[in-house]
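In: Got a sequence here, can you build the structure:
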Amino acid sequence: MRQRQQEAPEGLVWSWRCPLFDESFPLIGYVLAVLACYFTITGLAVTETTVTAGDVTLFIGLMCCGALCVEATRRLGQPSGVWRDLLSAWWLPVALLLPPLYALVAPAVLGLLIYVRVRRGALYRRVFSTAALGLAGAGASALFRWLAPAVAQAQAADWLTYPGPKAWLMRPQQAALAVACAVAFIVLNTCLIAIAAWLADPDARLADMLWDRERMLLDLTETCVGILVTIACTLSAILLVIALPPVILLQRSLLHSQLKAQARNDPKTGVLNAGAWQGEAALAIARAQRHHEPLALLLADVDHFKMVNDTHGHLTGDAVLRTLATEMRQQVREADLVGRFGGEEFVILLTATGAAEACQVADRIRRGACVVKVLTPDTIVGVTVSIGVAALGSHGADLFELLAAADIALYRAKNTGRDRVCLYDPADATSGATGATGMTGIPGIMGASGITAAASLNDAPGGPAQLSGAATLRQHELIGRQAAEGS
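Out: Prediction:
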């Protein structure tokens, strides 16, 4: 991973700089290629499209509805990164009912409104999103006209009536083609955006950006809403007044759910933040106890992380944390919970996993962290991690006891050389020493393979009884950051 924010050479000051050129060369080339394609096709469409009053009237009506939708939801704000909305409910009728030129122009109109009224982020991202939506809409429009050629239009049409033929609405074959073209619009736009997101973050999986259950449900909803608005426009443009309120309500609900999900994630690493992880972990532990299933907790800490910040700067430190978080997510299952617990400390809850298997997963994460490197303009930064492991039942009966047990095991890993995995030993809780984040424990005996298994599952089930309850978690959160600075 490359550090993207580089200082300008000494004595050279840029009065203006496009953030796009701070990105990787593949992303720059891809964005410029999409923009060139968009402007070229738009220019060709301008020269070949005959503008009529009916088309312009319908286009203005749909854009006014989209603008009202933006204004009604702008106070909610927008999620960072790639986000979803229901503005395609207005772009899709443009693509199916009007010539491709209008499908190319529609995203630019609403995109400019969003940029001015909602959020002024990186301009190139807004322009790229406009180009992607325009190309997808133009492609769907051209495909629909090629597969279902329109019959002769009506001789006269007032401003409240769709100027084109309504026959396709009554023919199942052409109606099915309209749905297929709507799906093509969603697929093409998703692919264009997902490729750019993957080029911006090559560590992420392209398949995850292209396809998941939640995204498929949103795509289906967008398609259905867009088709319903298209039918309303075909019958009479006055029906847009009836279609507008439910679309606004759906738009607000969608943005609210995305903002709520974003509030659960740590902004620097993308994993769950401490509060969200604690809530999810408590539910997972209760479920495991109810079904008598095994469960394990890993507490990982980056070795000598303060030295990374002091030597290479906090931007590089943030890149290290982000890279490690990505590596951890790739090493565990989708059902497992990965969270950032403060500073350079991560916590992972492994569902349906016993102590022995948890140690194997932890060692795989440890070895993966050693391989991951962060590139800076001057050097290559690599780190190691130490991991403490605790198992539900054998080492603790609830979340707080598991955290305390894993913290004691983490202290042993730190005290015996770092860059290793240690399994909690109940004997450590009565020794009186201090854990890695200020809790009780003593170092154990380091195993030759880097994994300390000082206690087996057949040992006494007594966990760190002196460190349970809410006080333990408060001590862990308050002391953890200060103690980890010296680790």
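
In: burial of residue 383, as a residue count?
Out: For residue 383, the count of nearby residues is 22 (other CB atoms under 10 Å). From N, CA and C alone the C-beta is placed, and that goes for glycine too.

In: Pull out the buried residues from stretch 376-384.
Out: For stretch 376-384, the neighbour count (16 or more other CB atoms under 10 Å) marks 376, 381, 383 as buried.

In: Likewise for stretch 41-54?
Out: By 16+ other CB under 10 Å, the buried positions in stretch 41-54 come out as 41-42, 45, 54.

In: quick one: terminal-to-terminal distance for it?
Out: 23 Å (CA to CA, to the nearest Å).

In: cool, stretch 115-127 as well?
Out: Span of stretch 115-127 from end to end, CA to CA: 10 Å.

In: Number the residues from 41 up from this point.
Out: Renumbered: residue one is now 41, and that last one reads stretch 155-167.

In: average pLDDT for that stretch?
Out: Confidence over stretch 155-167 (mean pLDDT, whole number) is 79.

In: Same check on stretch 174-189?
Out: The model assigns stretch 174-189 a mean pLDDT of 88.

In: Can you give me the buried ones in it?
Out: In terms of neighbour count (16+ other CB under 10 Å), stretch 174-189 has its buried residues at 174-184, 188.

In: follow-up on the earlier one: between the buried residues of stretch 416-424, which is closest to residue 343?
Out: Nearest to residue 343 out of those is residue 423 (CB to CB; 6.4 Å).

In: Apart from its chain neighbours, what residue comes closest to the closest one?
Out: residue 342 (5.4 Å; CB to CB, 6 or more residues apart in numbering).

In: picking that back up, and of the buried residues of stretch 81-94, the nearest to residue 336?
Out: Lowest distance from residue 336 to these (CB to CB) belongs to residue 81, with 54.4 Å.

In: can you give me how far the strand or helix carrying that closest one is from the chain middle?
Out: In the assignment (DSSP states H and E), residue 81 maps to helix 65-88. Relative to the chain's own centre, helix 65-88 is displaced by 27 Å; criterion: CA atoms, centre = their mean, to the nearest Å.

In: Domain map for the chain?
Out: Using automatic domain parsing, the domains assigned to the chain come out as 59-299, 314-524.

In: isn't residue 97 right next to residue 277, touching?
Out: Yes - under the criterion of CB atoms under 8 Å, residue 97 makes contact with residue 277 at 7.4 Å.

In: Can you classify residue 386 as helix, strand or coil?
Out: Taken by DSSP: H, G, I helix; E, B strand; the rest coil, the conformation at residue 386 corresponds to strand.

In: give me the number of residues near it?
Out: Residue 386: 26 neighbours (other CB under 10 Å).

In: now do the one 4 residues further on
Out: The burial metric for residue 390, expressed as a neighbour count using other CB under 10 Å, is 25.

In: Please look at it and residue 400 and confirm they touch.
Out: No - using CB under 8 Å as the test, residue 390 is too far from residue 400 to be in contact (10.4 Å).

In: tell me the secondary structure for residue 459?
Out: Assignment for residue 459 (three-state DSSP): coil.

In: Next up, phi/psi of the closest residue in space to it that isn't next to it in sequence, please.
Out: Using CB to CB, 6+ apart and skipping the chain neighbours, the partner closest in space to residue 459 is residue 424 (3.8 Å). Dihedral angles of residue 424 (phi, psi; degrees, to the nearest 10) stand at phi -120, psi 160.

In: before we move on, which element is residue 182 in?
Out: With DSSP H and E as the test, residue 182 turns up in helix 163-187.

In: Could you tell me which other helices and strands that helix packs against?
Out: If contacts are counted by 3 or more CB pairs under 8 Å, 6 or more residues apart in numbering; DSSP states H and E, helix 163-187 sits against helix 65-88, helix 128-137, helix 140-157, helix 212-240.

In: can you put those helices in TSV and add distance to residue 370?
Out: As requested, the helices and strands packed on helix 163-187 are exported to TSV (distance: least, CB to CB, whole Å):
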stretch	distance to residue 370
helix 65-88	21
helix 128-137	32
helix 140-157	33
helix 212-240	14
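
In: So which of these is the most surrounded?
Out: Ranked by average neighbour count under the criterion mean count of other CB atoms under 10 Å, the helices and strands packed on helix 163-187 are headed by helix 128-137 at a mean of 29.

In: what sits up against it?
Out: Residues from elsewhere that reach helix 128-137, judged by CB atoms under 8 Å, 6 or more residues apart in numbering: 98-99, 102-103, 105-106, 109, 142-143, 146-147, 150, 173, 177-178, 180-181, 184, 202, 204, 218, 221-222, 225-226, 229, 262-263, 265-267, 269-270, 273-274, 283, 287.

In: Direction-wise, compare it with helix 163-187 and give the angle.
Out: In terms of direction (axes from the mean of the first three to the mean of the last three CA atoms, to 10 degrees), helix 128-137 departs from helix 163-187 by 40 degrees.

In: Quick one: mean pLDDT over helix 128-137.
Out: Mean predicted confidence for helix 128-137 is 87.

In: Any regions of the stretch 391-527 of the chain where pLDDT drops low?
Out: Across the stretch 391-527 of the chain, the ranges flagged by pLDDT under 70 are 468-527.

In: That one: strands as residue ranges?
Out: Here the stretch 391-527 of the chain has its strands, by DSSP state E, counting those that start in this stretch, at 413-415, 420-422, 425-431, 461-463, 491-493.
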